[in-house]
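Colleague: turn this into a structure:
(one chain, ligands or ions: 1)
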Amino acid sequence: MADTPVRRVRTRHFQAAKANGTKITALTSYDALTAQIFDEAGIDFLLVGDSAGNAVLGYDTTVPVTVDELIPLARAVASSVRRALVVADLPFGSYEVSPEEALHSSFRFMKETGVHAVKLEGGVRSAPQIRRVVDAGIPVMGHVGFTPQSEHGLGGHVVQGRGDAVEKVVADAHAVEEAGAFAVVLEMVPESVARRITQELSIPTIGIGAGNVTDGQILVWTDFAGLGGGRMPRFVRQYANLRQTLADAATAYREDVASGAFPGPEHTFED
Ligand code: KIV
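Modeller: Numbering: from 1, shown residues only. Okay, the predicted model is just below:
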């Protein structure tokens, strides 16, 4: 979608991309500088994901993340892009109780951060929430398959939609579309399931661990850039090794300070 001549990516461009067979690209972002870089690189949408729980806030899971924690990150991203559409995750515990709760949380993101859409997890179970938020004029992105906020209920990071569970994931994706979402993330589902959903739905599918058959792809930026370290999920391709680059830079800086090589005369003010 990067070559599409638009100033700002809008939800209608998602629909056009699906119709044209143009792939949609997405990354997460949680701060102003990465948002600028990814926007200038032509990434179509940036997700202020609750993966910030792991990537920024130091939690083990996304479960503890709150609206108050995500709001400043979403504001930083939304205020730093010129072209990309910015989507904010509704964190766990901010929308499940009722459609009104979902709408209240969505209002906070829309009014306090400047994002263009919200995302929430769950298919059939979240359809009333999606409908309520969409009816208020707020674009919603769905998220089915593996839903990280439910990782304890799902028994860990497990591929969804295998064997008898195929129909559940398909029904969830349809429920998201019928509730009015403009796109849906498919996370950790077999490629055959992603292909079927992508063919059956009229809204674009955005894959993460769903093979190469979805209408777009998203990755967590600290994974794709190799900042996170540790074991990467199978579906991640690492395009850089920022962890090593930063470690090398920090070591060189420490050594230069210790030896007196930094700061040099060129970094020093005269009288
Ligand atoms: O929070 C997040 O980063 C996400 C992606 C995994 C899609 O929801």
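Colleague: count the residues that sit near the closest residue to the ligand within the stretch 1-150 of the chain.
Modeller: Of all residues in the stretch 1-150 of the chain, the one sitting closest to the ligand is Gly49 (2.4 Å; CB to the nearest ligand atom). C-beta: built from backbone N, CA, C; applies to glycine. Neighbour count of Gly49, defined by other CB atoms under 10 Å: 29.
Colleague: show me the contacts for it.
Modeller: 28, 30, 62, 89, 119, 220 (CB atoms under 8 Å, 6 or more residues apart in numbering).
Colleague: correct me, but the fifth one touches Leu47?
Modeller: In other words, Lys119. Yes: between Lys119 and Leu47 a contact is recorded at 6.6 Å, counting by CB atoms under 8 Å.
Colleague: residues shared between the contacts of the two?
Modeller: Common contacts of Lys119 and Leu47 (CB under 8 Å, 6+ apart): 87-89.
Colleague: from the residues you listed, list the ones also adjacent to the ligand.
Modeller: Asp89 (CB under 6 Å from any ligand atom).
Colleague: return the subset of the shared contacts of Lys119 and Leu47 lying in helices.
Modeller: Assignment to helices by DSSP state H places none of the shared contacts of Lys119 and Leu47 there.
Colleague: okay if I get the shared contacts of Lys119 and Leu47 as JSON lines plus pLDDT and neighbour count?
Modeller: Below are the shared contacts of Lys119 and Leu47 laid out as JSON lines (pLDDT from 0 to 100; neighbours: other CB atoms under 10 Å):
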{"residue": "Val87", "pLDDT": "98", "neighbour count": "30"}
{"residue": "Ala88", "pLDDT": "98", "neighbour count": "32"}
{"residue": "Asp89", "pLDDT": "98", "neighbour count": "29"}
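Colleague: between the shared contacts of Lys119 and Leu47, which sits nearest Ile203?
Modeller: Distance to Ile203 across those (CB to CB) is lowest for Val87, with 13.9 Å.
Colleague: pretty sure Met141 belongs to a strand, no?
Modeller: Yes: counting by DSSP: H, G, I helix; E, B strand; the rest coil, Met141 is located in a strand.
Colleague: which of the contacts of Gly49 tops the neighbour count?
Modeller: Asp89 (29 neighbours).
Colleague: partner residues bridging it?
Modeller: On the basis of DSSP bridges, Asp89 is bridged to Lys119.
Colleague: can you give me the end-to-end distance of stretch 208-220?
Modeller: Start-to-end span of stretch 208-220 (CA to CA, to the nearest Å) is 9 Å.
Colleague: nope, stretch 17-26 is what I was after
Modeller: Span of stretch 17-26 from end to end, CA to CA: 13 Å.
Colleague: quick one: mean pLDDT over it.
Modeller: Per-residue pLDDT over stretch 17-26 has a mean of 97.
Colleague: hmm, that stretch in reach of the ligand?
Modeller: No: contact of stretch 17-26 with the ligand (CB under 6 Å from any ligand atom) is absent, the minimum separation being 8.0 Å.
Colleague: list the buried residues for that stretch?
Modeller: By neighbour count on 16 or more other CB atoms under 10 Å, the buried set for stretch 17-26 is 17-18, 22-26.
Colleague: repeat for stretch 241-248
Modeller: Applying a neighbour-count criterion of 16+ other CB under 10 Å, one finds 242-243 buried in stretch 241-248.
Colleague: I'd like the distance from it to the chain centre, please.
Modeller: What separates the centre of stretch 241-248 from the centre of its chain is 23 Å, taken as CA atoms, centre = their mean, to the nearest Å.
Colleague: residues in contact with it?
Modeller: Contacts to stretch 241-248, defined as CB under 8 Å, 6+ apart, come from residues 225-229.
Colleague: correct me if wrong: Pro139 contacts His116.
Modeller: Yes: contact criterion CB under 8 Å: Pro139 and His116 qualify, at 6.7 Å.
Colleague: sounds good, over and out.
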